[in-house]
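# Give me a 3D structure for the following:
(2 chains)
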Amino acid sequence: MAHPSSALVVVAGPTASGKSALALAIAEALGGTIINADSMQVYRDLSVLTARPGAAELARAPHRLYGVIDAAEACSAGRWRTLALAEIAAAREAGSVPVLTGGSGLYLRALLEGLAPVPPVPAVEREAARALHAHLGGEAFRQALAARDPEAAQRLAAGDTQRLIRAYEVVAATGRPLADWRRGQGPAAGPPAAVVLLLPARAELYAACDARFLRMMEQGAPAEVAALLARGLDPALPAMRAVGVPELAALLAGRTSQEAAVAAAQQATRRYAKRQYTWFRHQMPEHGALQKRVLAEQFSESLPVKILPFIRRALLTIKT
RNA sequence: GGCCGGAUGGCAGAGUGGCUAUGCAGAGGACUGCAAAUCCUCGUACAGCGGUUCGAUUCCGCUUCCGGCCU
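Have a look, this model is predicted:
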């Protein structure tokens, strides 16, 4: 027997804003299932460093998509979306409200707005694009792209390696520019949702970021990184580039002091949080099937009480 | 007390008689399949007061402060 509403709950916000705690409180109150929407918490090898929920939290509500992918693999917005849709369906099947939480804006958007139906680009094609970029350099590569996708070449900066390569591999593999694929799709709205956005004051959040990293150090972050490094994986893999991994790797290699490594990791966290603010302020989907509430504060014991009425109401009134 | 060397944007650190680096921090922004990623943009700062000069952050003097050495 399914839950009366087919809407889902989304708790978003920058790192260390307390979204996991809020999501947990909401899931407990509604009998929901927490589904991870964080690009780094999906990796099995990263637990302490990504502030993954611990045993105590896991016992309070079902958690899905945490630590389900090996660090040797690269997740992606598309792959995550497929996994998330399956988990959402499974939760509903079980009569549980899906509560999505995580700081990866692109993932949330892919879910809430849909993704252009670009067919998967074959690995050979991707490798070819990367090799060509490495060979030509940014500006010449951009010009090479202009021959096939003038619009993208015009829009992207020569230094924007990642997007340049993506645009190139898509035209190369499909014969159609990325923007073309997007147009074909239209404004495909995803599932209806009640969205809670946590945007605490900057100084307050930065302090929380700093304190949390110190806690991670005590909880064994260096050992976690040591174990990851021992696998000898490609340093270009996403998991290898998570905040704290390069910094602690430098510490373990004796290239820096503990104090410097911690400071660098804290700073990387703050920068990441800053980018998340910009994203959540301007890029979060807005459409008819979404009801959004923005809270300018961090998680606190009183927050769930404050926000639950909105969520309950939204779940009942959202058109499905 | 004397001699010498410094004083540059939040920090580090170049430099020049007119066009006022750079790095880091910080801020704003972009963002459709590696997103904890990948990028873009943003700062007349030259210790104070006089003087020289068409023009001083750059030259000179004094003051203050900071270092070093000497007594």
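# mind exporting the helix-or-strand element of chain A with minimal mean pLDDT as CSV, just the C-alpha atoms?
Within chain A, no helix or strand scores below helix A:178-185, which has a mean of 81 by mean pLDDT, DSSP states H and E. The C-alpha coordinates for helix A:178-185 follow below in CSV (Å, rounded to 0.1, in the frame of the first residue of the first chain):
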residue,chain,number,x,y,z
LEU,A,178,24.5,19.1,-26.7
ALA,A,179,22.1,22.1,-26.9
ASP,A,180,20.2,20.3,-29.6
TRP,A,181,19.6,17.4,-27.4
ARG,A,182,18.4,19.7,-24.6
ARG,A,183,16.0,21.5,-26.9
GLY,A,184,14.5,18.2,-28.0
GLN,A,185,13.7,17.3,-24.5
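# And for that helix, what's in contact with it?
Helix A:178-185 is contacted by residues A:114-118, A:149, A:151-152, A:166-167, A:170-171, A:174 when judged by C-beta atoms under 8 Å, 6 or more residues apart in numbering. Just so you know, the C-beta spots here come from the backbone N, C-alpha and C atoms, and that holds for glycine as well.
# I only care about the residues you listed that end up buried; give me the ChimeraX line for that.
In ChimeraX syntax, the buried subset of the contacts of helix A:178-185 is picked out as below (16 or more other C-beta atoms under 10 Å):
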select /A:114,115,116,118,149,152,166,167,170,171
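# and RNA strand B, which of the contacts of helix A:178-185 reach it?
Counting by C-beta under 7 Å from any atom of the strand, A:115, A:116, A:117, A:118, A:166, A:170 from those sit close to RNA strand B.
# Confirm for me that the last one is in contact with residue A:164.
No. Under the criterion of C-beta atoms under 8 Å, residue A:170 lies out of contact with residue A:164, with a separation of 11.2 Å.
# got the buried residues for the least confident helix or strand of chain A?
Here helix A:178-185 shows A:178, A:180, A:181 as buried, counting by 16+ other C-beta under 10 Å.
# what's the closest of the residues you listed to residue A:194?
Within these, the smallest distance to residue A:194 is 29.9 Å, found for residue A:181 (C-beta to C-beta).
# where does chain A dip in pLDDT?
Chain A contains residues with pLDDT under 70 at A:1-5, A:184-189, A:319-320.
# center of it, which residue is that?
In chain A, the centroid-proximal residue (C-alpha atoms, centre = their mean) is residue A:104; its distance is 2.1 Å.
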